[in-house]
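Enquirer: predicted coordinates and the sequence they were generated for:
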Amino acid sequence: MKRTALIAGITGIGGNHVARELLANGWDVIGLSRTAPQDLPGAAHIAVDLLDPAALAIALADVAPTHVFLTTWMRQDTEADNIRVNAALVRNLLDALSSKQTVRHVALVTGLKHYLGPFEAYASSGTLPDTPLRESQPRLPLENFYYAQEDEVYAAAERDRFTWSIHRPHTIIGLAVGNAMNLGTTLAVYATICKEAGRAFQFPGSEAQWNGLSDVTDARMLARQLVWAADTDAARNEAFNIANGDVFRWSWLWPKLASWFGVEPAGFSGTIQPLEAAMAKDHAQWREIALRHDLIEPDLDRLASAWHTDLDLGRPLEVMTDMANSRRLGFCAYQATDASFFDLFERLRAERLMP
């Protein structure tokens with residue numbers, strides 16, 4: 001049967017990679033985002049504001065997707081505003097498609113804040129769960145926009161009789177420009193600046209992160225799981241953690257990243273040294289680096305999201321996920337984490353985003 005995917009957030013890390021996976025598997029792909037992707041010639045694109053129901057109805061009048069992939073969100077100042085805005089994104093899109101009755105499956109990408117709490121409570125020891133994180137763990141007794149988005153999907157599924165899947169990646173490693181949560185590219189930019197300035201490549205996070213076990217999610221792994229769940233009957237109406245399938249310690253990975261860039265690694269120093277503060281005055285230097293090396297993105301803030309990298313690496317506990325739920329249903333993909341970073345660095349260089 002013909003399958004048409006509608007991807008909300010096609011220019012983001014998750015949306016871009018799931019589009020690539022779908023196109024490679026013969027799907028028709030339509031992307032929603034504010035600007036059109038430049039690297040997905042096989043995908044159609046619609047520019048529309050997901051917070052404008054009237055505009056959505058007009059923009060989607062001739063669109064009849066069989067599958068919807070929700071891979072976007074909008075960061076707000078408070079969790080209450082995150083809930084209001086990001087629940088509306090999901091609700092408005094699914095409402096606009098409701099009368100068509102063509103949607104068979106909806107996939108929602110959230111993340112580990114499902115277990116760790118929202119940004120406002122991220123480092124609170126009173127809300128941190130046991131690890132490894134498991135899909136069976138109950139929701140935290142906190143307001144959380146991920147819960148609000150899930151509830152919108154559940155309500156629409158009950159109304160329109162489609163199936164759903166929820167996907168909870170850890171830190172996503174992949175190429176995207178202008179993304180709000182981009183640890184891999186942030187570290188690449190930081191290492192480049194350190195090399196140019198003769199600074200040590202200082203680990204910015206906590207002792208628990210430096211010495212504890214962690215995992216990350218290659219964007220290609222996320223894409224594979226999204227497409228697998230859309231194509232697998234047993235995966236219907238399930239929530240899945242998704243990570244690379246290996247675990248590591250930053251004390252092992254940090255020197256490897258430093259070696260790739262040819263900089264001197266500096267490990268945990270006894271105190272957290274936030275990357276946001278370390279890079280606060282680097283905008284002019286990055287612009288000079290970009291000009292000298294003929295890079296296509298001179299705006300540091302379009303590439304680096306130091307605030308989010310600080311949240312990830314500053315956690316007061318080790319964080320890794322259990323993937324038993326998808327493994328028992330047949331999802332057996334694997335990706336080596338060091339290769340995830342090195343592949344990203346090579347692509348950043350090839351795309352002239354990094355010297």
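Expert: Sure thing, it's come through. Numbering: from 1, shown residues only.
Enquirer: okay, now residue 2: neighbour count?
Expert: Counted with other C-beta atoms under 10 Å, the neighbours of residue 2 add up to 7. C-betas here are computed from N, CA, C, even on glycine.
Enquirer: need the pLDDT of it.
Expert: Residue 2 is assigned 85 on the pLDDT scale.
Enquirer: for the stretch 1-150 of the chain, just list every one of the helices.
Expert: Along the stretch 1-150 of the chain, the stretches classed as helices by DSSP state H, counting those that start in this stretch are 13-24, 53-59, 79-98, 113-116, 145-160.
Enquirer: hmm, who's touching the first one?
Expert: It refers to helix 13-24. For helix 13-24, the surrounding residues in contact (C-beta atoms under 8 Å, 6 or more residues apart in numbering) are 5, 7-10, 29, 31, 33, 37, 39-40, 42-43, 69, 71-72, 109, 169, 172, 174-176, 179, 181-182, 219-220, 222-224, 226-227.
Enquirer: tell me which of those residues fall in strands.
Expert: Secondary structure from DSSP state E places 5, 7, 8, 29, 31, 69, 109, 169, 172 of those in strands.
Enquirer: quick check, nearest of these to residue 307?
Expert: Nearest to residue 307 among the ones in strands among the contacts of helix 13-24, counting by C-beta to C-beta, is residue 172 at 15.8 Å.
Enquirer: in the sheet, who's paired with the closest one?
Expert: Note on residue 172: beta-bridge partners by DSSP bridges are residue 217.
Enquirer: any idea how far residue 166 is from it?
Expert: According to C-beta to C-beta, to the nearest Å, residue 172 stands 15 Å off from residue 166.
Enquirer: who's more crowded, these two?
Expert: Neighbours of residue 172 and residue 166, each counted by other C-beta under 10 Å, are more numerous for residue 172; the result is 27 against 23.
Enquirer: pLDDT score for that one?
Expert: Confidence at residue 172, expressed as pLDDT, is 96.
Enquirer: my guess is it contacts residue 217. True?
Expert: Yes: because the distance of 5.1 Å satisfies C-beta atoms under 8 Å, residue 172 is recorded as touching residue 217.
Enquirer: what's in contact with stretch 174-185?
Expert: Contact with stretch 174-185 is made by 11-14, 16-17, 75, 171-173, 216, 218-220, 297, 302-305, 308-309, 312-313, 340-341, 344, 347-348, 351, 353, as judged by C-beta under 8 Å, 6+ apart.
Enquirer: how deep is the residue lying closest to residue 101 once chain neighbours are set aside tucked in, by neighbour count?
Expert: Counting by C-beta to C-beta, 6 or more residues apart in numbering, residue 101 lies nearest to residue 160, which is 6.8 Å off, once chain neighbours are set aside. Applying other C-beta under 10 Å, we find 18 residues neighbouring residue 160.
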